[in-house]
Structure formats: C-alpha cells, structure tokens
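Engineer: from the sequence below, what's the structure:
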Amino acid sequence: MKRFLIFIWLLPLFITPAFAGVKHFSVLPFSVHGPSEYRYLSQGIQSMFVSRLSSPQVLESVEVNTKGKNISKSDIITQNNLDYLIWGDVTIFKDTLSIDTKVLDRKGKVFSKSLVTSQDKLMQDFDNYVEDIKDHLLGIKPKIKSLAQAGISTNNKNLPGRGLNPYFEYSTSSSMSGGVIRTQTLPFELVGLAIGDGNGDGKNEVFLLSHHQIYAYILIQNKLKLLSTYDIGRNKKGLNINVFDSNRDGYAEIYISAVDNENVPCSCILTFKHNKFQVVQDRLKFYINVKRLPPDYSRRIVGQKTGVGRLFGTGIHEVVNMNGKYVLGPRINLPDGSNVFNFAYLPEKNGYKIITTDSYDHLKVFSDDLSILYKTTKVYAGSSISLEGSNGLPGLGESRTDPNPVYYIPTRLLPCDLDRDGRFELIVAHNISLSSMFFSRYREFPEGQIHALYWDGVGLNLEWKTKTIKGSIMDYGIGDINNDSKDELFVGINTYPGPIGWKKKKTIVLIYPLNIKKK
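Structural biologist: Numbers count the residues shown, from 1 in each chain. A predicted model of the protein is given here:
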C-alpha cells in the first residue's frame, strides 16, 4: 500500500507537459497590411488558427472581447485565465504573403514565428506553420518530420478524393496517368455541351451546340452517333445550352440562350420527343441559363434582360411557366456585377457562398449577405464566346476604355460534391493562353485544365485538376454520358486553330470515368 501511494505521488512527474491538463488559448484578429480587398484575412486567419489549434481535452479556445478596451495583452491572459494569447500581422505584397505570429504565455515569455509564402501555396504552407506553433503550445520539441509523419503519402493512398480518376492530378501529387476516353473528332466548332434524356427512353442523349445548330447524339462504345440536328438560324448566335426535365414529364427540355445579329436576346426552348426537335417557345427576349438555387439547390431556369445602353439589365430572375409561356418571375438577390452567366451558389453546412467571375476571368467569392470575401489571382472560366457591347459594360459593374468592348461569356461554374464528404467543390475550366493575357480580343486557348476548387474559409484552393488538355475547353458537366449507370466528368473541347487562327476548329468530347462513392 505504501509503494502504491508513493507511485501516485510521483505520477505527475512522469506526465509530459502536453498531457498535464487542458490548456486554454485565445487568438486575436490579425492586423492586415495590404490592399483593402484583403481585410477579410484579419478574421479569416484568426478563425483558421482557432480551428487548427483546437484539440478536445488538450487545447481549447477561449473567446475574449477586447473591443473598445485599452487593455494589455498580459492582462487579457490574467483576466481570462489563459495559458496563451496569440496575435500577429499579415502583409500582402503582390502575390507574396507574410504572416508574423506572436505567442505570449502566462510567464510573460513571447514566442515568435513567421511564414512567407505565395497566395497559391498559402493553405499547404499554413497547415505546417500552425502545426509547429501547436507543438510549441504543447511543449513538444521541434523535430524533422518524415513524409509519413507529416501526413503525406508517397503512394497517393491518403490524398483527398483518392481514386476519383487516375488522370487527375491532386494538389500534393502529379504522378497519375491514364483514365481518359476521347470520342471521334466532329467537323464543327463547339459552343456548349449538355446531356439529358430528351426522348424519354431512359438513356441520356448528348446535345452539342455550335454557333447556329444543335446536334443530338447518343454515345455508343465511345463513339457519338448522330440522331438529329436543328438549325437555330443563321441570324442567331448560340451562347450556351442546358438540358433538364423542368416539368418532370419524363422528357428533358433543351434551353438555348442566343442573340440575333444586333446582339438582342432571342433565346429558345426545345423538346426532343421521338428524336425530333420541336420548338416550345422561340425568340425569348432575355438570356436564359440553368442554375442550382437555394435553399434546396435544385435546378431552375434563370433569365435576364438587356439594359439601356448595356448588355445586361440590373435584375436576374427565375423563369416561370405562366399558362404555357415562359416569363421572368421573382428576382434573385445577387452581388453587383452578376449576370445570368457568371454566378453559382456553393453550398455549405450553414448557408452558402456565391461565386462570380469578372470581366478579367477572376473568380470572386461573396458571403450570403453579398459581402466580398476573396478574389483569385489566377484566371478561370475564360472562353471565346463573346457579346459585343457599347458604351462600356455598366451591367457588369465595370468600365473599359475600349470604344467597342467585348464581354466573353464565362465557361460553366459547376458546384458538386463528388467525393461525398459533405464539402462542395467548384468545377471550373482553367484555359491557358499567354497571348490572351496581353491582347484583350485574342481568345484562342491552345490548352487548358479542369480544376476542382474548395473554399477553406479564407480562399479557393485546389483539390484536384485534370492533366493538361490540348485544345480550348468550351463546356463540361458531371453525369452518365455513356449510359453505364455511373457518372463521368465529360469535357467538350475545340481543337486549337493555330497561332494565327488559320485552321478550322473541330469538336472532341473527353470522358473521365469517376470512382464516386455511393450515398
């Protein structure tokens, strides 16, 4: 009994500081030095520190209120019974981001650590950075970590979305190969691509849109077999295509946004019953598109009129069927600069983010109260499908000095949760052209990639990407394109016409089989 009591008395001496009891910390908002659009980083970095440092029964965050109070940091620790107080600065210069963090403990000692990284590598470097600070809080001595200890697998088994497609490159690896199917080359220039069961036979048809025609195909053994064509008119120019069964009658409708020779909207809605295109309504005087809208994120038709002296009017509306006619219905609350083509909702557990593109092919992220949170430095969703404007582009919330400005309709913004982990990613094209960066009217893309981006609370970061695709990415989607009861990522591309554009563009569809978890 005496030996047991001695053991109990000596036991605390053998417990490492990391497990001696719960430690409490608080993180103050970081000071941000840089352009005003990065002010969101103040609370963004703060919340990222809290989430990454917190461990139940080990490290727990305490919220403190210092607004309007002239109080020292040591007093904050004392009054809130903290073990550590964390604060710091964020400095942004061009694409470089510097984070300087200070940690004050109960004894008045200050620990400092800095991180200098690029915005593209912020999240990867930040995680390692916070892990080192966490080790300091737990009293763990710095040590050199192996790849396995750092959570990085050399055989890709622990990568996010593992096995989704072997042709995808993940943000921590680029060693994958294989896994893409190509259809035959088709002798026309592609504008848009969508799939759906238009004839009600239980199989998806592939609908391809060129500037003046719609083509209906069925994919058999990786070959596109033509079923029918429809001429929308030489005096019209197709802008995009969507296919879905809005009235749930078993036959998907085809929605075409188009303009006439004077850039006036003249959209149309078709059916494909009995393998024949039939007009439901023609010459709609507004642009149309199909978007997933909250709260249930079901697909709905949206529309927008032109404005006076501008390409787009001030309101984007749901399109409703009134006595057999499609008309503009309730208005959708969206950020300034939004149009019917350039926005998407990215669902979250407790709400959503709104993603838009600007005229310079950057993605913007807005909160549900329409406050801007983030803007990418990379360009996404660039396309060659244009609308000629006049008197600037006020409908976009932007202006240009070009006397005949051109607005390029972005490629599709496609939110989805392919790996079924509850976090939605944004599937988006990243067309690559050095010439288009210097010449605003040059929009030929020799190559590109499909990227899957996720919102981490601070910015959009890369989850995975396809390998480089030779040609210009025009449209893409997720669905059962080959009717094998499995969803695929399908991508419609135009072949590159050469540096001076003398070659005729042709269409190819790429198909990426996906290993998607069942719900």
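Engineer: how about the helices in this structure?
Structural biologist: Per DSSP state H, the chain carries helices over the ranges 2-14, 41-53, 73-79, 122-137, 434-438.
Engineer: contact partners of the second one?
Structural biologist: Residues outside helix 41-53 that contact it (CB atoms under 8 Å, 6 or more residues apart in numbering) are 25, 27-32, 59, 61, 86, 88, 90, 92, 99, 126-127, 130-131, 133-134, 137, 373, 456-458. Placement of C-beta: from N, CA and C, glycine included.
Engineer: mind listing what's buried along it?
Structural biologist: Along helix 41-53, these residues count as buried under the neighbour rule (16 or more other CB atoms under 10 Å): L41, G44, I45, Q46, M48, F49, V50, R52, L53.
Engineer: and the longest one, by the same measure?
Structural biologist: Neighbour-count burial for helix 122-137, with 16+ other CB under 10 Å as criterion, is recorded at L122, M123, D125, F126, Y129, V130, I133, K134, L137.
Engineer: circling back to that earlier point, would JSON lines of the buried residues of helix 41-53 with distance to V319 be doable?
Structural biologist: As requested, these are arranged in JSON lines below (distance: CB to CB, whole Å):
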{"residue": "L41", "distance to V319": "38"}
{"residue": "G44", "distance to V319": "36"}
{"residue": "I45", "distance to V319": "42"}
{"residue": "Q46", "distance to V319": "42"}
{"residue": "M48", "distance to V319": "40"}
{"residue": "F49", "distance to V319": "45"}
{"residue": "V50", "distance to V319": "43"}
{"residue": "R52", "distance to V319": "44"}
{"residue": "L53", "distance to V319": "48"}
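Engineer: least trustworthy helix or strand in this protein by mean pLDDT?
Structural biologist: helix 2-14 (a mean of 42; mean pLDDT, DSSP states H and E).
Engineer: circling back to that earlier point, buried subset of the contacts of helix 41-53 as a ChimeraX selection?
Structural biologist: To isolate the buried ones among the contacts of helix 41-53 in ChimeraX, judged by 16+ other CB under 10 Å, type:
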select :25,27,28,29,30,32,59,61,86,88,90,92,99,126,130,133,134,137,373,456,458
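Engineer: the contacts of helix 41-53 in strands, which ones?
Structural biologist: F25, V27, S31, V32, L59, S61, I86, G88, V90, I92, I99, L373 (DSSP state E).
Engineer: so what's the last one up against?
Structural biologist: If you count contacts by CB under 8 Å, 6+ apart, L373 has them with Y40, G44, K353, V365, F366, S367.
Engineer: in contact with the last one, which residues?
Structural biologist: Contact analysis of S367 by CB under 8 Å, 6+ apart lists K353, I354, L373.
Engineer: closest to V280 out of those residues?
Structural biologist: For V280, the nearest member of those is I354. The distance, counting by CB to CB, is 30.0 Å.
Engineer: what's the neighbour count on the closest one?
Structural biologist: Neighbour count for I354, taken as other CB atoms under 10 Å: 21.
Engineer: also T306?
Structural biologist: Residues near T306, counting by other CB under 10 Å: 18.
Engineer: contact partners for it?
Structural biologist: For T306, the contact set (CB under 8 Å, 6+ apart) comprises V264, P265, F286, F312, G313, G395.
Engineer: make a ChimeraX selection of the buried ones in these.
Structural biologist: Only the buried members of the contacts of T306 enter the following ChimeraX selection, criterion being 16+ other CB under 10 Å:
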select :265,286,312,313,395
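Engineer: rebuild the buried residues of helix 122-137 as JSON lines, extending it with pLDDT.
Structural biologist: JSON lines is the format used below for the buried residues of helix 122-137 (pLDDT from 0 to 100):
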{"residue": "L122", "pLDDT": "70"}
{"residue": "M123", "pLDDT": "67"}
{"residue": "D125", "pLDDT": "78"}
{"residue": "F126", "pLDDT": "83"}
{"residue": "Y129", "pLDDT": "88"}
{"residue": "V130", "pLDDT": "89"}
{"residue": "I133", "pLDDT": "91"}
{"residue": "K134", "pLDDT": "89"}
{"residue": "L137", "pLDDT": "88"}
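Engineer: so what's I220 bridging to?
Structural biologist: In this structure, I220 has beta-bridge partners K223, where bridges are defined by DSSP bridges.
Engineer: pLDDT score assigned to it?
Structural biologist: Taken from the predicted model, the pLDDT recorded for I220 is 95.
Engineer: state the distance from it to N275.
Structural biologist: Distance, I220 to N275, by CB to CB, to the nearest Å: 15 Å.
Engineer: those two: which is more packed in?
Structural biologist: Taking other CB under 10 Å, I220 and N275 do not tie; N275 has more neighbours (13 against 10).
Engineer: so who does that one touch?
Structural biologist: Listed by CB under 8 Å, 6+ apart, the contact set of N275 reads N199, A216, L227, S228.
Engineer: JSON lines for the residues you listed, including pLDDT and neighbour count?
Structural biologist: Rendered in JSON lines, the data for the contacts of N275 read as follows (pLDDT from 0 to 100; neighbours: other CB atoms under 10 Å):
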{"residue": "N199", "pLDDT": "96", "neighbour count": "21"}
{"residue": "A216", "pLDDT": "98", "neighbour count": "24"}
{"residue": "L227", "pLDDT": "97", "neighbour count": "18"}
{"residue": "S228", "pLDDT": "97", "neighbour count": "16"}
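Engineer: dump these into CSV; add distance to V206 as well.
Structural biologist: As requested, the contacts of N275 are arranged in CSV below (distance: CB to CB, whole Å):
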residue, distance to V206
N199, 12
A216, 7
L227, 9
S228, 12
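Engineer: closest to Y360 out of those?
Structural biologist: For the contacts of N275, with Y360 as the reference and CB to CB as the criterion, the closest is A216, at 35.6 Å.
Engineer: ok, what's across the strand from the closest one?
Structural biologist: With DSSP bridges applied, A216 shows beta-bridge pairing to F207, S228.
Engineer: and the strands in the stretch 51-200 of the chain?
Structural biologist: Assigned by DSSP state E, counting those that start in this stretch, the strands in the stretch 51-200 of the chain fall at 59-61, 84-93, 96-105, 110-118, 168-170, 181-182, 192-196.
Engineer: which of the contacts of L373 fall in strands?
Structural biologist: Counting by DSSP E, the part of the contacts of L373 found in strands is K353, V365, F366.
Engineer: low-confidence ranges in the stretch 251-400 of the chain?
Structural biologist: The model of the stretch 251-400 of the chain has pLDDT under 70 over residues 389-400.
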